[in-house]
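J.: Mind folding the following:
(one chain, ligands or ions: 1)
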Amino acid sequence: MADVTLDDGIVGRGNKDGANLFRLWFEGLTRAAEEGRQGAYVFVMGSMCELLRVFDLPLVFPEINSLQTAVRRVAHEYLNEAEDYGYSPDICGYVKADVATQLRAGSLPMGRIPKPAVAVYTNACNTYIKWAEIWERMHGCPTFVLDVPGTRAAGAQTWPGDPDFENDRRYVAAQIRELIPVLEEATGIKFDVDRLREAMKHANVMNAGWKRVLELNRSRPSLFNALTDGTIYLGVSNGFRGSEAGAKYFSELVEEMEYKSARGIGTLTDERYRLIFVGVPCYPIFRRFNELFTELGGTFVNSTYLWFASGGSNVGFQYDLEDPLASLAEGVLISVRDAMDSMFFQTQVLVDMIETHGADGVVYHPIKSCRTVSTGLADNRRALMEARDVPSLFLESDMMDRRVVSEAQLKNRIDAFFEGLAARRHQAAIGR
Ligand code: SF4
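T.: Below is the predicted model:
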């Protein structure tokens, strides 16, 4: 790599280019909606984008659309509309924001989304299955659930060569073979294995890049904030999966992080505490939530979110382009299973992250309207405390609903947590 200077604009490029790609993506979706074309509705945990790109379907990620309504501070309008329509305040806020979006003919603050030609999703979250049934009822579109076998118990994953793994792989491969004619029928486009190869080649670059970017944040000081910057990278990793633009973005992002690492350029000028985040971000006060930590010298060096919400791209799986369909089945099995593990069996993941990223504390963020991620977090926290002597904070709020987000309460708890971190460091320094 040629040496570059700050004047080359390399620092901060990932954030800037990520925002640009997002704008282009939504312009494309709006165009498709206005021209009456239809898209594929998919989810972040097992989007099957590599295969869907073969069929020229604009990709719609309703989870990302919904969280954007919260970041742009209009989620309450969408939630109220869905609740007036009959949905309970307790269910996943992403679902309700999407229901209101459908009632508004796809209208969102960022643009407009096309109607679905098909919905493709996995069992990684049980809500996915009920959510897609809403589109089936509203639009009459075909839906396809890809059942990915999860890990049966913590640490019980099996790997290629093991008979259990091979059975699971055959099971996923058979479902992918069933999905192809569904997509052919929905689009009128014939499956083309070379186009699949092309998308998988780009996904390989992105997977390797995402793994490397996460590893590079072991640097001291840390190079990016996993909660804020990381969410931008994550959005590109999902929305542009299997595309040339996504591959270019991740190659350049690795270059940016290596550049910063080599020069000691951190995300904070005075990094005092390195933290790990568990759960889904607090999107209604996205920037402010993070500032409550950074103002006290804390930064998030990694998170379980960057693992599960990337659909397991963090494992860096590399497809074998010689045998694309079999390799797609293996990659989906390993990656989606890892995404589920980082929600359901996260104790060892966190112990490892604390080691590799030199973390001083762990922040748990259970949220009212995502039970999949939040159920069991209190037990997970206790298990982590038994496995590791590490300070932790438990903050309850929501990822969509500002009615249950109290900044004053959060600040009180966070300030007290930092006092504890400081006291612990002081006691360590004086040898107690
Ligand atoms: S319940 Fe949680 S994991 Fe499932 S769709 Fe909603 S936010 Fe996503």
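J.: Flag every residue of the protein that's near the ligand.
T.: Counting by C-beta under 6 Å from any ligand atom, the chain comes close to the ligand at 63, 92, 94, 125, 127-128, 370, 372-373. C-beta: built from backbone N, CA, C; applies to glycine.
J.: By neighbour count, which of those wins?
T.: When neighbours are taken as other C-beta atoms under 10 Å, the top entry among the residues of the chain next to the ligand is Y94 (27 neighbours).
J.: which residues touch the residue in the stretch 251-400 of the chain that the ligand sits nearest to?
T.: For the stretch 251-400 of the chain, the residue closest to the ligand is C370, as judged by C-beta to the nearest ligand atom, at 3.2 Å. Applying C-beta atoms under 8 Å, 6 or more residues apart in numbering to C370 gives the contacts 92-94, 280, 399.
J.: switch to 10 Å and redo it
T.: C370 sits next to 91-94, 125, 127, 279-280, 343, 398-400 when contact means C-beta atoms under 10 Å, 6 or more residues apart in numbering.
J.: hey, what's the residue lying closest to V405 once chain neighbours are set aside bridged with?
T.: Spatial nearest neighbour of V405, excluding adjacent residues (C-beta to C-beta, 6 or more residues apart in numbering): S397 at 4.5 Å. Counting by DSSP bridges, S397 forms beta bridges with I367.
J.: how close does R37 sit to S243?
T.: Note on R37: its distance to S243, by C-beta to C-beta, to the nearest Å, is 18 Å.
J.: between the two, who's got more neighbours?
T.: Legend: neighbour count by other C-beta under 10 Å for R37 and S243, higher for S243 (22 against 15).
J.: just checking, the more buried one touches A203?
T.: Yes: using C-beta atoms under 10 Å, S243 is in contact with A203, at 8.8 Å.
J.: So which elements touch the lowest-mean-pLDDT helix or strand in the chain?
T.: Between all helices and strands in the chain, the lowest mean by mean pLDDT, DSSP states H and E belongs to helix 371-374, at a mean of 91. On a contact count with 3 or more C-beta pairs under 10 Å, 6 or more residues apart in numbering; DSSP states H and E, helix 371-374 meets helix 126-139, strand 273-279, helix 305-308, helix 324-344, strand 361-365.
J.: follow-up on the earlier one: closest one of the residues of the chain next to the ligand to G46?
T.: Y128 (8.8 Å; C-beta to C-beta).
J.: Please report the number of neighbouring residues for N167.
T.: 11.
J.: how about it, what does it touch?
T.: 149, 158.
J.: per-residue confidence at it?
T.: Per-residue pLDDT puts N167 at 97.
J.: three-state assignment of it?
T.: When classified by DSSP: H, G, I helix; E, B strand; the rest coil, N167 comes out as helix.
J.: Quick check: the residue nearest to V405 touching K411?
T.: No: counting by C-beta under 10 Å, S397 stays clear of K411, with 11.9 Å between them.
J.: Which one's more surrounded, the two?
T.: Between S397 and K411, counting by other C-beta under 10 Å, S397 is the more crowded of the two (23 against 15).
J.: Need the helices and strands packed on helix 371-374 in a markdown table (columns: mean pLDDT).
T.: Shown next, in a markdown table, are the helices and strands packed on helix 371-374 (pLDDT from 0 to 100):
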| stretch | mean pLDDT |
| --- | --- |
| helix 126-139 | 98 |
| strand 273-279 | 98 |
| helix 305-308 | 97 |
| helix 324-344 | 97 |
| strand 361-365 | 98 |
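J.: residue ranges of the helices in the stretch 51-200 of the chain, please?
T.: 62-71, 75-85, 93-103, 126-139, 163-187, 193-216 (DSSP state H, counting those that start in this stretch).
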